[in-house]
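Q: Generate a structure from the sequence data that follows.
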Amino acid sequence: MSLLLMRGICKAFNGVPVLKNTALTVERGVVHALLGENGAGKSTLMNILTGTIPADAGEVIFDGQKLDRPTIRQTEELGIAFVHQELNLFNDLKVFENMFMCKELEGALWHLKKKEMIARSRELFDRLQVNIDPQAYVHELKTGDRQLLEISKALLFKAKLLILDEPTTALNNEEIEHLFDIVKGLKADGLSFIFISHKMPEIFSYCDNYTVFRNGEYIAEGRIADTNPEEVTKLMVGRSGAAQSFYEPRETGDTVLALDKYSGEGFHDVDLEVKRGQVVGLTGLEGCGSSELMQCLFGLSASTGGSATVNGKVLPPASVHAAMRAGIGLLAANRKENSVIPDMDILENMYLAEHTLSAGKFHIRKGEELKKYFHYKELLNLKAASPALPVVSLSGGNQQKVFIARWLNTNASVLLFDNPTQGIDVGAKAEIYKLILKLAAQGKTVLVNTLEIPELQKVADFCLVFYNGGVIKVLPHQEIEEHRIMMYSTNSAGE
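A: Numbers count the residues shown, from 1 in each chain. From the prediction side, this is the model:
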């Protein structure tokens, strides 16, 4: 008997259907990939399963029990746990306090049994081979350990089904391997997983079965061993995405960005010359220094040596405003923490940077801003019903377009894209690749930092491979290849 059966699930918001007679079946002891573009209905279905929102119609059966209108408490007691992409942790509390949040162990006169909670947390960490101190504060933990803490919270109370939503987005390669070693061990103990991800290599390395949604509808299901990334991509987007050709050489102009022995926190002695209209890739293992270089160029940290010249002028250190005035824009990694202003609408999020530069103006002319908004909406193929909607109402890919428009609105000539396709779906990624090349063809200089080598193959004219804070190799477009880059990024190339 299957662990989970969801059949005929329907859901509409304000009369707009988002789930149309969908279905999902998860077997015991498997990792089941739930696939689809942003907006396909995956999160809505998971919210119905965990009792966050009710379904309009359909049937949910978990571990042989029919759930008429599942509630959050009921699904938790049955053993369903949802580890969200945005971790639900209290940074200013200790690890064990997060582990037992709302489920504290109490003794006489309601005193907390702290020693017992610490001991039980440590026992679980030891069993999972997780090196986390139960008495450490959460803000002291690395990102990978915070992810493992969320999973441990679920296991502490005997979860049978773990829903992992983009669990590896902010993890480095070593942390990803550790996470999936734990998943394999738990799977062997009979636990089941629903794995939501846009990363095909992980899906095909670690998942057993899959279900594909598109536009709120069930499309297909099957065994991962019986399909391939090209076929799955076609099911997700309704067309072949993997075979698309992106990269095109183009005319370039004068040097726009020049680095001479440029050094800062996390990187050192970077030499680089980038011309107008070029796309440069930066890559390496997590923490290699490439992201730190971008942050320093944008003035978020101080340079410690060498020089950076933008459009012929030396860039002052540690000044975001100076970087913006010099024509630099940064599309930061982790947009939810570093780009989204959730209390502002789409239009306000777009014009925020330009009005920081023109702070001397007394008034914001709404008509002029709307004119620019509709220009960028068409240029970037932004899918938004109204500029007055909250920016958080958009999909991840469309949010990224708003933040790209934020920097185009400042007339930035150097665009620093740090992990630009993080957490967005296959179709939206393709649009971002095309957009990068389109901006380069219009004369923008673009630096793209990513750990995903296929992205660099699609857009980069050449690629800098970082190792331990330094550039270990520069590869022209035709030599950008996954195995070769991995050899250099681990210093195993033997040159």
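Q: Any regions of the chain where pLDDT drops low?
A: Counting by pLDDT under 70, the chain has low-confidence residues at 38, 86, 170, 239-245, 360-362, 494-495.
Q: okay, now the domains of it?
A: Domain segmentation of the chain under automatic domain parsing yields 4-237, 255-489.
Q: With distance to residue 248 as extra columns, can I get the ones you listed in a markdown table?
A: For every residue, glycine as well, the C-beta is placed using N, CA and C. Shown next, in a markdown table, are those (distance: least, CB to CB, whole Å):
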| stretch | distance to residue 248 |
| --- | --- |
| domain 4-237 | 21 |
| domain 255-489 | 6 |
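Q: May I have the secondary structure class of residue 352?
A: helix (DSSP: H, G, I helix; E, B strand; the rest coil).
Q: That one reaches residue 346, doesn't it?
A: No: in this structure residue 352 lies outside contact range of residue 346 using CB atoms under 8 Å: 11.0 Å.
Q: Counting neighbours around each, name which of those two comes out higher.
A: Set residue 352 next to residue 346 and count neighbours by other CB atoms under 10 Å: residue 346 wins out with 25 against 17.
Q: quick one: contacts for that one?
A: By CB atoms under 8 Å, 6 or more residues apart in numbering, the contact set of residue 346 is 373, 384, 386-391, 394, 402.
Q: Could you report the distance from it to residue 386?
A: From residue 346 across to residue 386, the span is 8 Å (CB to CB, to the nearest Å).
Q: same check, this time on residue 218
A: Remark: distance between residue 218 and residue 386 (CB to CB) = 30 Å.
Q: Just the buried positions in whichever strand or helix holds residue 126, please.
A: Using DSSP states H and E, residue 126 sits in helix 114-128. Within helix 114-128, the residues scored as buried using 16 or more other CB atoms under 10 Å are 114, 117-118, 120-122, 124-125, 128.
Q: swap in stretch 253-269?
A: Neighbour counts over stretch 253-269 (16+ other CB under 10 Å) mark 255-259, 262-268 as buried.
Q: Let's have those in a markdown table, adding distance to residue 54 and secondary structure.
A: Formatted as a markdown table, those follow (distance: CB to CB, whole Å; DSSP: H, G, I helix; E, B strand; the rest coil):
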| residue | distance to residue 54 | secondary structure |
| --- | --- | --- |
| 255 | 59 | strand |
| 256 | 54 | strand |
| 257 | 53 | strand |
| 258 | 59 | strand |
| 259 | 55 | strand |
| 262 | 55 | strand |
| 263 | 56 | strand |
| 264 | 51 | strand |
| 265 | 49 | coil |
| 266 | 48 | coil |
| 267 | 50 | strand |
| 268 | 56 | strand |
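Q: Among the residues you listed, pick out the one closest to residue 175, please.
A: Set against residue 175, the nearest of the buried residues of stretch 253-269 by CB to CB is residue 266 (17.7 Å).
Q: residues in contact with the closest one?
A: Residue 266 is in contact with 287, 289, 291-293, 469, counting by CB under 8 Å, 6+ apart.
Q: hang on, the earlier thing: of all pairs in the contacts of residue 346, which one spans the longest distance?
A: Farthest-apart pair in the contacts of residue 346 is 373 and 390; separation 15.0 Å (CB to CB).
Q: Of those two, give the one with the bigger neighbour count.
A: The residue with more neighbours, out of residue 373 and residue 390, is residue 373; 20 against 15, by other CB under 10 Å.
Q: and the more buried one, how far is that from residue 354?
A: Taken as CB to CB, the span from residue 373 to residue 354 is 11 Å.
Q: cool, and residue 452?
A: Residue 452 is 30 Å from residue 354, by CB to CB.
Q: cool, residue 227 as well?
A: Applying CB to CB, the value for residue 227 to residue 354 is 46 Å.
Q: what does residue 59 give?
A: Distance from residue 59 to residue 354, by CB to CB: 51 Å.
Q: Pick out whichever of these two has more residues nearby.
A: residue 354 (18 against 14).
Q: Who are the contact partners of the more buried one?
A: Per CB under 8 Å, 6+ apart, neighbours of residue 354: 406, 409-410.
Q: do residue 142 as well
A: Contacts for residue 142 (CB under 8 Å, 6+ apart) come out as residue 175.
Q: could the buried residues of helix 114-128 be laid out in JSON lines, adding distance to residue 74?
A: Conversion of the buried residues of helix 114-128 to JSON lines gives the following (distance: CB to CB, whole Å):
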{"residue": "114", "distance to residue 74": "29"}
{"residue": "117", "distance to residue 74": "24"}
{"residue": "118", "distance to residue 74": "29"}
{"residue": "120", "distance to residue 74": "24"}
{"residue": "121", "distance to residue 74": "25"}
{"residue": "122", "distance to residue 74": "30"}
{"residue": "124", "distance to residue 74": "24"}
{"residue": "125", "distance to residue 74": "28"}
{"residue": "128", "distance to residue 74": "26"}
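Q: Just give me the closest of the residues you listed to residue 380.
A: Among the buried residues of helix 114-128, and counting by CB to CB, the member closest to residue 380 is residue 128, at 43.4 Å.
Q: ok now do that closest one, which residues does it touch?
A: Contacts of residue 128 (CB under 8 Å, 6+ apart): 148, 152, 155, 182, 185.
Q: Dihedrals phi and psi, the closest residue to residue 390 other than its chain neighbours?
A: Leaving aside its chain neighbours, residue 390 sits nearest to residue 345 (5.9 Å; criterion: CB to CB, 6 or more residues apart in numbering). Backbone torsions of residue 345, given as degrees, to the nearest 10, read phi -80, psi -180.
Q: what about residue 345, how many neighbours?
A: For residue 345, using other CB under 10 Å, the count is 17.
Q: correct me, but it touches residue 394?
A: No: applying CB under 8 Å, one finds residue 345 not in contact with residue 394, separated by 10.6 Å.
Q: what's the burial count for the closest residue to residue 6 other than its chain neighbours?
A: Distances taken as CB to CB, 6+ apart put residue 24 closest to residue 6, at 4.4 Å, once the chain neighbours are dropped. Neighbour count for residue 24, taken as other CB under 10 Å: 22.
Q: which ones are touching residue 24?
A: Contacts of residue 24 by CB under 8 Å, 6+ apart are 4-6, 9, 34, 45, 211, 218.
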